[in-house]
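# take this sequence and fold it.
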Amino acid sequence: MYTNVKDFYETPGWLIDKMLDCIRKDRRYFPALSFLEPSAGRGAIAERITAEIKGTRADDKKYVDLIEIEPELQHVLKGKELKLVHDDFMTFNTFKPYDVIIANFPFSVGDKHLMKAIQMQERTGGQIVCLVNAETLRNPFTNLRKELQQKLDRYEAEIEYLSGAFEDGERPSDVEVALINVTMPTVINIDESLILEQMEMAKEYEEMDDSSNAVASSEEIKRICETFRYMAESGVRFIEEYYRLNAAVFSADIKDSRYEPPLISLMINGQSTKGYDKNKTKAEAVNEYLQATRLKYWNLIFNSSSIRSLTTEQVYDSLQAMLDDMRQYDVTPFNAYQIQRSLIETLSENIEDAIEKMFDNLTKYADDGKNILYYNAWKTNKGWKLGKKAIIPLNAYDSFSKRMDIDYKIKPRIVELQKVLNYLCTGKQKIDVDELNQKLEEYNRQGQMKNLEFDYFNLTFYKKGTCHIEFKDERLIERFNIFVGKKRNWLPPTYGKKEYYNMTPEEKDVIDGFQDQFSYERCRRDDDVQRVIRDNRFLLVMEA
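Presented below is the predicted three-dimensional model:
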């Protein structure tokens, strides 16, 4: 299995234990560490680390960040609910400091990957425990390998050569590997300020960002990711500067200065660290800041038109519930794309659920029985359909201010109705949510509560807490009823496929109750109806 995946040689369990021993011997509390595993494969190393820390944290799996470039291996990692943060290690950029980078690097490009790992840990300090092809070190014929050897010597790396380590694997190999254990020290230099120029760049970027108007969806996500990167980099540099000053102040020859309140106190996410500044490590402060920054910008992405246009109300609520988990993930185009792809993969199922839920809201759970038109169904004694008008409980009257108010509770319901009818009308998922909300705000400002006009319906709100809906297109409501009737087996399986005169008497009986013979034959020849009933799936088109 996976024999077609280049450089995939899964690390055997005994060798993983040997790698973890390199970490254990230098660390007093293994579970408190943050890990990055590039080239994660099927997650063998991450699973062993998770087992090591199991029970010591509420979210064990979230402390091992994984990178994997092969799509089929990415699916395996996601199936194991492991934390995939990027695809290509060589393009991975983050401000998050990792205590340990642990890896079985690709044998063909181990020199490039190891150099990348060293450069990351040189910036923040930290340990690298990895496997590379022994030839990477034994045969330093390139400038890159020579520089690599110099760095390993400088940091006094421990290197152990192992023969036959992969001979008994699922994909055997006789390659000799080198087990490297090297630690870059945490260095806080007291030097000239490095942040002012960068902070100015961030300011200029945000000002330019605000002046931009109509932007394509992909550009909107890209801009949010870029703004996050500027904010993250500026903040991290600010914190580093703070710790440089801290080192200068508290390393001064002042007796018992550790008992004095700090002259400068760091505040992150509105919370002051005053009182324990000197005990909080730079890595802890940076991670605290990054988590708060990620949360802010993931919230922007989840509320962007690019994402909202792909979500039903129920899916949007589930995304909001995910926000707290997303503080562990950098706001990158790769991670945003993973969310978009996941939404698209489940889009048809989510749309179908939304249509059925909306149908029930408009009929079964409506304010009176006038919304429901009954007929003898195929698999059950009774089915029903929606008429041209509906009355639903939707209270827009504010008893405190004594006026009508389309508030935050009502707007999503109207947006959802517009989405559902748009799916049925066009087969596409996107609507302009911002434009629709602006329209609702304008109606609010004007105090208009009767005959509020939208693409597919008109609304009128009443003080008694009801909303009257008048649908503009009877053919659209017809498709609505056909979709639900097919989905719930209220209509025969042959609906829309068999000519009326070829139907059985039982089938004709259902059709006659649902619609007349003429309307049925028209629907059978209607491309829009056929799109709705074709395997109960819509031809969903991803708009640019």
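# so where do the strands sit in the stretch 351-500 of the chain?
Applying DSSP state E, counting those that start in this stretch to the stretch 351-500 of the chain gives strands spanning 372-375, 383-386, 389-393, 397-398, 403-404, 452-453, 457-461, 466-471.
# would you tell me which of these gets closest to T142?
strand 457-461 (67.9 Å; C-beta to C-beta). Heads up, the C-betas are built off the backbone N, CA and C, glycines and all.
# could you say what helices and strands the closest one packs with?
Counting contacts by 3 or more C-beta pairs under 8 Å, 6 or more residues apart in numbering; DSSP states H and E, strand 457-461 is packed against helix 411-426, strand 452-453, strand 466-471.
# which segments of the chain make up each domain?
Following the assignment in automatic domain parsing, the chain carries domains at 13-184, 196-345, 349-536.
# what's the least confident stretch among those domains?
Note on those: lowest mean pLDDT is at domain 196-345, with a mean of 71.
# report the separation between I533 and D526.
Plainly put, I533 is 10 Å away from D526 if you go by C-beta to C-beta, to the nearest Å.
# what about the two, which has more around it?
For I533 versus D526, neighbours defined as other C-beta atoms under 10 Å are more numerous around I533 (20 against 16).
# do you know how far the more buried one is from L424?
From I533 to L424 the distance is 12 Å (C-beta to C-beta).
# do Q418 as well
Taking C-beta to C-beta as the measure, Q418 falls 11 Å from L424.
# okay, the two: which has more neighbours?
Neighbours per residue, other C-beta under 10 Å: of Q418 and L424, the larger number sits with L424, 24 against 18.
# what sits against Y289?
G235, V236, I239, I268, N269 (C-beta atoms under 8 Å, 6 or more residues apart in numbering).
# now do 7 Å
Taking C-beta atoms under 7 Å, 6 or more residues apart in numbering, we find Y289 in contact with G235, I239, I268.
# now these: which count as buried?
When these are checked for burial by 16 or more other C-beta atoms under 10 Å, the buried set is G235, I239, I268.
# chain center to the helix or strand hosting the first one, what's the gap?
Element membership for G235 (DSSP states H and E) is helix 217-250. The offset between the C-alpha centroid of helix 217-250 and the centroid of the whole chain comes to 21 Å, using C-alpha atoms, centre = their mean, to the nearest Å.
# by contact count, what packs against that helix?
helix 196-211, helix 282-302, helix 305-308, helix 333-345 (3 or more C-beta pairs under 7 Å, 6 or more residues apart in numbering; DSSP states H and E).
# just give me the residue closest to the centre of the chain.
I339 (3.7 Å; C-alpha atoms, centre = their mean).
# for it, give its distance to L77.
Here the criterion is C-beta to C-beta. By it, I339 lies 16 Å from L77.
# residues in contact with stretch 127-135?
For stretch 127-135, contacts defined as C-beta under 7 Å, 6+ apart pick out 11, 19, 22-23, 26, 99-105, 107, 110, 114, 117-118, 121, 161, 175-183.
# narrow these to those in strands?
Cross-referencing these against strands under DSSP state E gives 100-104, 161, 177-183.
# show me which pair in those residues is furthest apart.
For the ones in strands among the contacts of stretch 127-135, with distances taken as C-beta to C-beta, the pair at the greatest spread is V100 and Y161 (21.7 Å).
# these two: which is more packed in?
For V100 against Y161, the residue with the higher neighbour count under other C-beta under 10 Å is V100, and the figures read 25 against 12.
# got the contact list for L300?
Contacts for L300 (C-beta under 7 Å, 6+ apart) come out as I224.
# any idea how far it is from D330?
Remark: distance between L300 and D330 (C-beta to C-beta) = 14 Å.
# ok, now R479?
Counting by C-beta to C-beta, the gap between R479 and D330 amounts to 43 Å.
# which one's more surrounded, the two?
Legend: neighbour count by other C-beta under 10 Å for R479 and D330, higher for D330 (24 against 21).
# unless I'm mixing things up, the more buried one is touching L295, no?
No. Look at D330 against L295 with C-beta atoms under 7 Å: they stay out of range, at 11.7 Å.
# so N287 versus A232, what's the distance?
For N287 relative to A232 (C-beta to C-beta), the value is 11 Å.
# who's more crowded, the two?
Legend: neighbour count by other C-beta under 10 Å for N287 and A232, higher for A232 (23 against 19).
# contacts only, for that one.
Contact partners of A232, counting by C-beta under 7 Å, 6+ apart, are F95, L290, T293.
# could you count how many residues lie near the last one?
Right, T293. Using other C-beta under 10 Å: T293 sits among 23 other residues.
# what's it in contact with, if anything?
Counting by C-beta under 7 Å, 6+ apart, T293 touches F228, M231, A232, G235.
# then the first one?
F95 makes contact with A232, E233, V236, V286, L290, according to C-beta under 7 Å, 6+ apart.
# tell me both backbone torsions, phi and psi, for it.
phi -100, psi 0 (degrees, to the nearest 10).
# could you measure from it over to E147?
Counting by C-beta to C-beta, the gap from F95 to E147 is 25 Å.
# now swap in the last one and tell me
Using C-beta to C-beta, T293 is found at 33 Å from E147.
# what do you get for the second one?
Distance, L290 to E147, using C-beta to C-beta: 30 Å.
# which one's more surrounded, these two?
It is L290, of L290 and E147, that has more neighbours when counted by other C-beta under 10 Å, with 25 against 14.
# isn't H468 up against N458?
No. Between H468 and N458 there is no contact under C-beta under 7 Å: 8.6 Å.
# tell me the one among the ones in strands among the contacts of stretch 127-135 nearest to P505.
Using C-beta to C-beta, the ones in strands among the contacts of stretch 127-135 come closest to P505 at N104, 68.6 Å.
# what is the burial count for that closest one?
Neighbours of N104 using other C-beta under 10 Å come to 28.
# what pairs with it across the strands?
N104 has these beta-bridge partners by DSSP bridges: L131.
# pull the contacting residues for it.
N104 touches T11, S39, I45, L131, counting by C-beta under 7 Å, 6+ apart.
# now tabulate those residues in CSV and tack on distance to A165 and neighbour count.
Shown next, in CSV, are those (distance: C-beta to C-beta, whole Å; neighbours: other C-beta atoms under 10 Å):
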residue, distance to A165, neighbour count
T11, 9, 22
S39, 16, 24
I45, 14, 27
L131, 8, 27
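# can I get those residues in a markdown table with distance to F89?
Shown next, in a markdown table, are the contacts of N104 (distance: C-beta to C-beta, whole Å):
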| residue | distance to F89 |
| --- | --- |
| T11 | 16 |
| S39 | 6 |
| I45 | 14 |
| L131 | 14 |
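# with adjacent residues omitted, what lies nearest to A336?
Using C-beta to C-beta, 6 or more residues apart in numbering and skipping the chain neighbours, the partner closest in space to A336 is I221 (5.0 Å).
# against Q328, how distant is the one you found?
19 Å.
# now do G447
G447 is 46 Å from Q328, where distance means C-beta to C-beta.
# which of the two has more neighbours?
Comparing G447 with Q328 by other C-beta under 10 Å, the one with more neighbours is Q328, at 19 against 9.
# so is the more buried one in a helix, a strand, or just coil?
coil (DSSP: H, G, I helix; E, B strand; the rest coil).
# now it. Its backbone dihedrals?
phi -90, psi -10.
# next one: E158
Per-residue torsions, E158: phi -90, psi 130 (degrees, to the nearest 10).
# now N451
Main-chain torsions, N451, degrees, to the nearest 10: phi 50, psi 50.
# which ones are touching it?
N458, T460.
# all helices of the stretch 51-200 of the chain, in order?
With helices called from DSSP state H, counting those that start in this stretch, the stretch 51-200 of the chain shows them at 71-79, 110-124, 135-138, 143-154, 196-211.
# select, out of those helices, the one closest to K411.
Short answer: helix 196-211, nearest of those by C-beta to C-beta, at 24.7 Å.
# I'd assumed K116 was in contact with K151.
No. Under the criterion of C-beta under 7 Å, K151 is not in contact with K116, lying 11.9 Å apart.
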